[in-house]
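Enquirer: Have a look at this prediction, sequence included:
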Amino acid sequence: MTTVQGMVADGFEGVRDAFEANFADHGDVGAGVSVFVEGECVVDLTGGVIDPVSGTAYGPDALQLVFSSTKGVAAICAHLIAQRGQLAFDSKVADVWPEFAANGKADATIADVLSHRVGVPVIDERLSLEQVLAIDPVVDALAAQPPVWEPGSAHGYHALTYGWLVGEIVKRVDGRPIGQFVAEELAGPLDLDLWIGLPDDQHERVVPLIAMNPGESSVDLADPDIAPLLEDLAAAFLDPNSVTNRALHLNGAFSLGGGEGMAWNRPEVWRSQIPAANGITNARSLAKLYASCVSEVGGVRILDDETVKRAAEERSEGRDQTLVVPTRFGLGFFIPSSFSPLMGPASFGHAGAGGSLGLADADRKVGFAYVMNKMSASLSDDPRTGGLIAAVEAALD
């Protein structure tokens, strides 16, 4: 039986049951889940092992790379700057980053960037992984890149480029690289284990990701509403010239393959700042951050109600030019849809490849996060997070 450790407040025992079920029924290896309600931690659990061979416990000191759950952190940075009056989302990107006006992007807005409408989910220049990790080459390539579609006219998931776009905007407005901004404005005040750009002295705490098994999926392939979309997505994913493939892998610089082929398990990738994908944290810290967007946590409130309302307003909806399936975005966050149900109509957040998720519910003042080392191939709502969220909602109701 999987060992689970941590705390659960009275009334939230069902979340522990759901967490334990993830190991028994959904293949979890090592994972963490945390929930805050009205600023108080009511669930903080870790369980399983770092890897099945060693059997070392996945405990509260474990750190996990959370892929695109990082995008929500980057979005919070942008909203905090805007809340302070330093940034207007309807202003042009070129107002703060003049080089970005090149090749038909002069009228692109900062809102276009945050809502995946800016039209640069890919870059034509083929950069090595080393060049990408140096940051400046990919930022320069994005500034010069012609858009795939006219900015603002459609939306498509900017799987990797989103982070460097938001990061450069933050840097141009605030003066600090986004990793430093996260450390000083989010992690410091809230006492979080959260980094975009991990210091070397934290590397030994990182739990390597375990790649999904070939053919493994929790999606109902027999669902007539899903099957055609999956066929389109699979074809696009396998086509090296498609926007889908190029956006997810940055022309081959990154891989989700297993073992040594998974770039994301390499320390040099942890050190860099990839604000769309290489955030390293744990469930308690990610949940606490989201909780601070909708309530005070230990006397700290990061975003106010007006900012949260603006962040969660629909900006993009419908067929995604990158992911092929329908998606729905606010300003930097997933908002509830069939693709990403989250926690109800007042919730917003971001999932990451393989299953991680951070979110907040503005009405119920909830911050929630789940992180894991075993990646799944879920298309959208991972059954592990789905079960945990259902248990949280049952406890709240």
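Expert: Cool, the structure landed. The model shown is predicted, which means the values in this text are computed figures rather than measured ones.
Enquirer: so where's the stretch 201-350 of the chain shaky on pLDDT?
Expert: Along the stretch 201-350 of the chain, the model assigns pLDDT under 70 to residues 214-231, 233, 237, 255-261.
Enquirer: where along it do the strands fall?
Expert: 279-281, 316-319, 326-329, 347-351 (DSSP state E, counting those that start in this stretch).
Enquirer: The stretch 51-200 of the chain now?
Expert: 64-65, 194-196.
Enquirer: picking up where we left off before, tell me which of the strands of the stretch 201-350 of the chain approaches Leu165 most closely.
Expert: strand 326-329 (14.0 Å; CB to CB). Yep, even glycine has a C-beta here, placed from its N, CA and C like the rest.
Enquirer: Now the residue most central in space within the chain: closest residue in space, sequence neighbours ignored.
Expert: Central residue of the chain (CA atoms, centre = their mean): Ser69, 1.6 Å from the mean position. Of all residues not flanking Ser69 in the chain, Gly352 sits nearest, at 3.8 Å (CB to CB, 6 or more residues apart in numbering).
Enquirer: I figured Asn278 was touching Pro267, is that so?
Expert: No - applying CB atoms under 8 Å as the test, Asn278 and Pro267 come out as separate, 11.2 Å apart.
Enquirer: quick one: which of those two has more around it?
Expert: When Asn278 and Pro267 are compared for neighbours, Asn278 comes out ahead with 26 against 11, by other CB atoms under 10 Å.
Enquirer: Now for Pro267: which residues touch it?
Expert: Taking CB atoms under 8 Å, 6 or more residues apart in numbering, we find Pro267 in contact with Asp200, His203.
Enquirer: Oh, that last question was meant for Val170, not what I typed.
Expert: Ala74, Cys77, Ala78, Ile81, Arg176, Pro177, Ile178, Phe181.
Enquirer: Now rank the residues you listed by neighbours and give me the top one.
Expert: Among these, Ala74 has the most neighbours (other CB under 10 Å), with 31 neighbours.
Enquirer: my read: that residue touches Leu165, true?
Expert: No - proximity of Ala74 to Leu165 does not meet the contact threshold set by CB under 8 Å, at 9.2 Å.
Enquirer: Counting neighbours, what do you get for Pro240?
Expert: Residues near Pro240, counting by other CB under 10 Å, number 10.
Enquirer: Tell me the backbone dihedrals of Leu45, please.
Expert: phi -130, psi 140 (degrees, to the nearest 10).
Enquirer: Let me see the contact set for it.
Expert: For Leu45, the contact set (CB under 8 Å, 6+ apart) comprises Val4, Gln5, Gly6, Met7, Val8, Val15, Arg16, Phe19, Gly32, Val33, Ser34, Ala283.
Enquirer: can you put these in CSV and add distance to Ala391 and secondary structure?
Expert: Shown next, in CSV, are the contacts of Leu45 (distance: CB to CB, whole Å; DSSP: H, G, I helix; E, B strand; the rest coil):
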residue, distance to Ala391, secondary structure
Val4, 14, strand
Gln5, 18, strand
Gly6, 15, strand
Met7, 15, strand
Val8, 10, strand
Val15, 4, helix
Arg16, 8, helix
Phe19, 8, helix
Gly32, 15, strand
Val33, 9, strand
Ser34, 13, strand
Ala283, 14, helix
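Enquirer: Buried only: go through those for me.
Expert: Neighbour-count burial (16 or more other CB atoms under 10 Å) applied to the contacts of Leu45 gives Val4, Gly6, Val8, Val15, Arg16, Phe19, Gly32, Val33, Ser34, Ala283.
Enquirer: now, which of the contacts of Val170 sits nearest Val392?
Expert: Ala74 (24.8 Å).
Enquirer: For that closest one, give me its contacts.
Expert: Shown in contact with Ala74 (CB under 8 Å, 6+ apart): Tyr162, Gly163, Val166, Gly167, Val170, Ile178, Ile196, Pro275, Ala276, Gly332.
Enquirer: Mind picking the two most distant members of these?
Expert: Across those (CB to CB), the longest gap, 14.3 Å, separates Ile196 and Gly332.
Enquirer: And those two? Which one has more around it.
Expert: Ile196 (30 against 27).
Enquirer: Check the spatially closest residue to that one that is not a sequence neighbour and give its pLDDT.
Expert: Excluding the flanking residues, the one nearest Ile196 by CB to CB, 6+ apart is Gly179, at 4.4 Å. On pLDDT, Gly179 comes in at 98.
Enquirer: and if you look at the one 3 residues further on?
Expert: Turning to Val182, the model gives it a pLDDT of 99.
Enquirer: Name whatever forms a beta bridge with the closest residue to it other than its chain neighbours.
Expert: Leaving aside its chain neighbours, Val182 sits nearest to Ile196 (5.2 Å; criterion: CB to CB, 6+ apart). On the basis of DSSP bridges, Ile196 is bridged to Gly279.
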